[in-house]
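Student: Quick one, what's the 3D model for this:
(2 chains)
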Protein chains: 2
Amino acid sequence: MGGDFSPRNEVEGALEAIGMARVKVILVGMQEEIERELERLGAREENRIEVVGASQVINMHDEPVAALRQKRDSSIVKGFDLVRDGSASAFVSAGNTGAVMSGATLLLGRIPGISRPTIGSQFPRPEGGFTLVFDVGATVDSKAIHLREYALMGSIYAEQILGVERPTVGVLSVGEERSKGNELVFETARLLEQSGLNFIGNVEGRDVLKATADVIVCDGFVGNVMLKLAESMIPVLRGRLKQYAAKGLWHKVKAGIAATVLRESLKDFDYQEYGGVPLLGVRGVTIIGHGRSTPKAIRNMILKADEMVRKQVVRRITEALNAEPVAA
Amino acid sequence: MGGDFSPRNEVEGALEAIGMARVKVILVGMQEEIERELERLGAREENRIEVVGASQVINMHDEPVAALRQKRDSSIVKGFDLVRDGSASAFVSAGNTGAVMSGATLLLGRIPGISRPTIGSQFPRPEGGFTLVFDVGATVDSKAIHLREYALMGSIYAEQILGVERPTVGVLSVGEERSKGNELVFETARLLEQSGLNFIGNVEGRDVLKATADVIVCDGFVGNVMLKLAESMIPVLRGRLKQYAAKGLWHKVKAGIAATVLRESLKDFDYQEYGGVPLLGVRGVTIIGHGRSTPKAIRNMILKADEMVRKQVVRRITEALNAEPVAA
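Tutor: Sure thing, here's the model as predicted:
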């Protein structure tokens, strides 16, 4: 309910998702509003859609932890309750990111051995495929042991969801050389070298949109800044083409062609294509989307959640941590 | 001498510069090599070019401080000597960034009141003009008092060189709200609010390519990662267009048009246009360029240095620090 276009886009996205995969979707939120949307779309009788009423909404400006405590009948709290009691396998939301993150941690709980859950984001590569970056905003002022956890969880995610065998892991720094970086980088490199993961050393900002490493770990402050900078690129390009087009008819024609070429060439830069980002390290699949998620983004978040459930990402992380001689 | 194409590009760039501005250029380095280049370009008799011999080269892999100590007859050390003794007004180099930075600090000295010199970079905006980001790599693990110094120096640079009146200053964070950020952000905001600068609060990664703030301050680790990520965009776009063109003749034609449109629309993303980045906080104008600087980039670095000298950026920073009731 807390997204910018809730519950309309959520309902539309859910209907798209059940048309594409063998999933069942429980829509949690204002019962009447949701049913009105289902009515509008002629899907009142759809038996793979269930509605669970929640009378409160945690909105974008609510302080996450306080809101979770005060709004026990919100869609976020009730959604996580469904996952915790086993009625649902995953939770997907376009609502308040902080509230979803805190809700997952407080209501589902952390996987034993994980001190900081992490949000990952995928950055497109020239040859296709993605580079995963952890963390992009769950924790600022992360410590080296957190980055080590991100590396472990990120590697499992890359293996299971992106199908990469023995994924390479890099630590984000200001130079490739071992001597370049800050204290966090040096300490993380020391931990990763002893981790059994496929650690390849330092990578730089210019490696994020390349295939240098499958998983890049960094402090959540840095990752968040990178994510938002990268996401601003497409709007910047669009703005530039508009300015170019305004110069005259011939310019307009050329800008139109350029726009078509770019739309196709940069498809994988469109966040709607992958919808949301996974929150790893909690006891249940959780996917967090943009407030302004489109139906397509919601659909893809549900499909991604379904895949994470089928590939048992949470169980694999739990087992990997149990198997570790020295759990972080 | 330490650039990837030294001294050829330096000599060509210097000749371009004297053709465009009333500057005199002293080329410091291997005398014979430089004179051979001048000969090749028919400029042996050019009286606004002087050659000062330096028999050693600090290369890209040298450890900066050790190299400065051991290679007293390198172009970097001799170049700064010329600035220090008043024979030159500015130093421009495409050599080892760390060595130029350390050389400026050790050989020219810091401006009183500055504890950390800073490198700024300009990020293009949709409406034209630039957003300045300090620091992009001089100091990792910067403290709040350093960010406050960056804000002061950046504001003076924006005023003098970009012609912005009372430039706005933002601190880079993970959300606009005052409550979002890390300890460095909170402490910096406190200092900037009392600074008399035009502080506007937190800005985010998505504001870097926009006109939200004229000057954005951040830790050098974060700034460096952003700079390298942003610089990788044009090569990424170029790669995508190439892939598109490979799909067939008609695609090739369209990709060609798109490339033309983008080349013109994204001119200000081309680092050659502004050449290098200023190092502020030392007693003398210093500009640091890419190792792979083209003649055009070198020329623009010289022109930028000339402008900084004429606009008295160093003197203005010195005076502003003297005038401060509480120098950081």
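Student: Get me the contact residues on the stretch 101-250 of chain A for chain B.
Tutor: Neighbours of chain B within the stretch 101-250 of chain A, by C-beta under 8 Å from any C-beta of the partner chain: A:126, A:137, A:140-141, A:172-174, A:181-183, A:204-206, A:208-210, A:218, A:220-222, A:224-233, A:236, A:239-241, A:243-244. No exception for glycine: its C-beta is placed from N, CA and C like everyone else's.
Student: how much space between A:Ile58 and chain B?
Tutor: In this structure, A:Ile58 lies at 16 Å from chain B, with C-beta to the nearest C-beta, to the nearest Å as the measure.
Student: before we move on, what about A:Ala17?
Tutor: With the distance defined as C-beta to the nearest C-beta, A:Ala17 ends up 29 Å from chain B.
Student: If you drop the residues flanking it in sequence, what lies closest to that residue?
Tutor: Leaving out its chain neighbours, the residue that sits closest to A:Ala17 by C-beta to C-beta, 6 or more residues apart in numbering or on different chains is A:Ile302, at 3.9 Å.
Student: and the one you found, what does it touch?
Tutor: With contact set as C-beta atoms under 8 Å, 6 or more residues apart in numbering or on different chains, A:Ile302 has these partners: A:Gly13, A:Ala14, A:Ala17, A:Ala21, A:Val23, A:Val25, A:Val92.
Student: Next, the contact list for the fourth one, please.
Tutor: Remark: with contacts taken as C-beta under 8 Å, 6+ apart, A:Ala21 is in contact with A:Ile302, A:Leu303, A:Asp306.
Student: just curious, which of those is nearest to chain B?
Tutor: Compare each of the contacts of A:Ala21 with chain B using C-beta to the nearest C-beta and the shortest gap goes to A:Leu303, at 25.2 Å.
Student: Return the alpha-carbon coordinates of whichever strand or helix holds A:Gly19 using CSV.
Tutor: According to DSSP states H and E, A:Gly19 maps onto helix A:8-20. As requested, the backbone C-alpha atoms of helix A:8-20 are provided in CSV (Å, rounded to 0.1, in the frame of the first residue of the first chain):
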residue,chain,number,x,y,z
ARG,A,8,-3.3,-0.1,-8.7
ASN,A,9,0.2,-1.0,-10.0
GLU,A,10,0.5,-3.8,-7.5
VAL,A,11,-2.8,-5.4,-8.6
GLU,A,12,-1.9,-5.1,-12.3
GLY,A,13,1.5,-6.5,-11.7
ALA,A,14,0.2,-9.4,-9.7
LEU,A,15,-2.2,-10.3,-12.5
GLU,A,16,0.6,-10.1,-15.0
ALA,A,17,2.8,-12.4,-12.8
ILE,A,18,0.2,-15.1,-12.4
GLY,A,19,-0.2,-15.1,-16.2
MET,A,20,3.5,-15.8,-16.6
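Student: packing partners for that helix?
Tutor: The contact analysis (3 or more C-beta pairs under 8 Å, 6 or more residues apart in numbering or on different chains; DSSP states H and E) places helix A:8-20 against strand A:25-29, helix A:31-40, strand A:49-53, helix A:295-310.
Student: Buried ones from the contacts of A:Ile302, can you make that a ChimeraX selection?
Tutor: Under the burial definition 16 or more other C-beta atoms under 10 Å in any protein chain shown, those of the contacts of A:Ile302 that qualify are selected in ChimeraX by:
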select /A:13,14,17,23,25,92
